[in-house]
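Enquirer: quick one, what's the 3D model for this:
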Amino acid sequence: MTHLITPSIKTLVQRALNAAETGTADGKYDDVSIFAGGKGGAKQITYGRAQATEQEQLPELIRMYRDKGGAFAAQFGPYLPLIGAEPLADDSEFKDLLVRAGKEDALMKETLDEFFDKACWAPAFKWFTKHGFTLPLSMLVIYDSFLHSGGIRPFLRNKFAEPVPAKGGDEKNWIRQYTKARHEWLAGHSERILRKTIYRTNCYLCEIERDNWHLAALPISMNGIAVHLPDALRERPGKSEEPPAVSHLITPPIKTLVQRVLNAAETGSADGKYHDISIFADGKRGTRQITYGKSQTTEQGHLAKLIRMYCEKGGAFAAQFGPYLPLIGRKPLVDDAHFKKLLVRAAKEDPLMKGAQDEFFDKVYWTPAFKWFPSTGSPCRCRC
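Expert: Numbers count the residues shown, from 1 in each chain. All right, here's what the predicted structure looks like:
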């Protein structure tokens, strides 16, 4: 069920945490803050859209940036042996360098994204999967724990009895109980600065109360900031095929599964028989006609368009199909042995025919079906 954590959901989760960390969903890549959160309560720098800490994360981040050949790599050079070893919270030149790199060099932004994927997202997602979680809101709660608290603290898990889903527990109840335990821990923390961060758990408790487990109801309010998907990923009427509430459930694996079920229905194989030719008496006025390929394109229907698409792609058999193009759909070819053999050979021997079939059926069937899918506005209530 990890297919629910789509790229759009990952982006939304990260934007919510960007808002928590830097006050903007886009993330302030150049943000430099100073907090007394270091060892022994020492002041330390936190940097970037997810606030890499000077004493723990910043050394690796700057090393990664240097290795990528960042524009400020040479200027960071003298600081590399110092970051994490000596306090730099009062070094204005170093802080200015961090700000400039975050503002002026796209490689620093890329490095920050890559670093937090590796240091926080990947271990959080691994924990999420290993313990049987599936829902986007669960991923938001778990990812924040890795980003803000270094992981899922065992002492917090021991404050409630619900087991993780992988051990038979109820996912929603586990997340609810864990979030309440974490909220109480932060609210009464000995470090005053952490007490202020209960806006994070307040956000999650609010989304739990809204029953927003798929993070479909937007915006998410994080510390007073309305978090949406970026414009490029938001639904735009007439331009997007994504329904606002459920299309993120129709992930690439789900699309593949749906198509494999229909392949089995059409050709008797989930993989789809791209070279399959059948003859049915279901043409105009009951005439016999060819049906072809993994989704059985009909001779009198779309076959001409499919073959034309294949020829335009420069298929290996394009020249041999040429004489047939004006005939398909106009003159019966059901008894033309040469044409039928040509169809079989093209699908068996030329990957371009498979590509043409996949693209054609996406355009002719999947796209209009997916566009219609959200337009009904309500889920199926039948007893199927």
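
Enquirer: flag every buried residue along stretch 173-181.
Expert: Within stretch 173-181, the residues that count as buried by 16 or more other CB atoms under 10 Å are W174, I175, R176, Q177, Y178, T179, K180, A181. Bear in mind the C-beta positions are built from the backbone N, C-alpha and C, glycine included.

Enquirer: and of those, the nearest to E21?
Expert: Closest approach between the buried residues of stretch 173-181 and E21, by CB to CB: T179, at 18.3 Å.

Enquirer: ok, L327 to L333 distance?
Expert: As judged by CB to CB, to the nearest Å, L327 and L333 stand 6 Å apart.

Enquirer: ok, K39 next?
Expert: Distance from K39 to L333, by CB to CB: 80 Å.

Enquirer: what about the two, which has more around it?
Expert: Taking neighbours as other CB atoms under 10 Å, K39 and L333 compare with L333 leading, 19 against 8.

Enquirer: so which of the buried residues of stretch 173-181 is the closest to I152?
Expert: The shortest approach to I152 among the buried residues of stretch 173-181 belongs to Y178, at 7.7 Å (CB to CB).

Enquirer: that closest one belongs to a helix?
Expert: Yes: looking at Y178 with DSSP: H, G, I helix; E, B strand; the rest coil, it is inside a helix.

Enquirer: for it, which non-adjacent residue is spatially closest?
Expert: L156 (6.5 Å; CB to CB, 6 or more residues apart in numbering).

Enquirer: what's the helix or strand for the one you found?
Expert: helix 154-157 (DSSP states H and E).

Enquirer: got the contact list for that helix?
Expert: Residues outside helix 154-157 that contact it (CB atoms under 8 Å, 6 or more residues apart in numbering) are Y178, A181, R182, W185.

Enquirer: quick check, S33 in a helix?
Expert: No: read with three-state DSSP, S33 is strand and lies in no helix.

Enquirer: pLDDT weak spots in the stretch 1-150 of the chain?
Expert: Under the criterion pLDDT under 70, the flagged ranges of the stretch 1-150 of the chain are 1-2, 37.

Enquirer: could I get the full set of strands for it?
Expert: 32-35, 44-47, 52-53 (DSSP state E, counting those that start in this stretch).

Enquirer: kindly report the same for the stretch 251-384 of the chain.
Expert: Counting by DSSP E, counting those that start in this stretch, the strands of the stretch 251-384 of the chain are 277-280, 289-292, 297-298.

Enquirer: now for the first one, which elements pack on it?
Expert: Just to be clear, that refers to strand 277-280. strand 289-292, helix 337-349 (3 or more CB pairs under 8 Å, 6 or more residues apart in numbering; DSSP states H and E).
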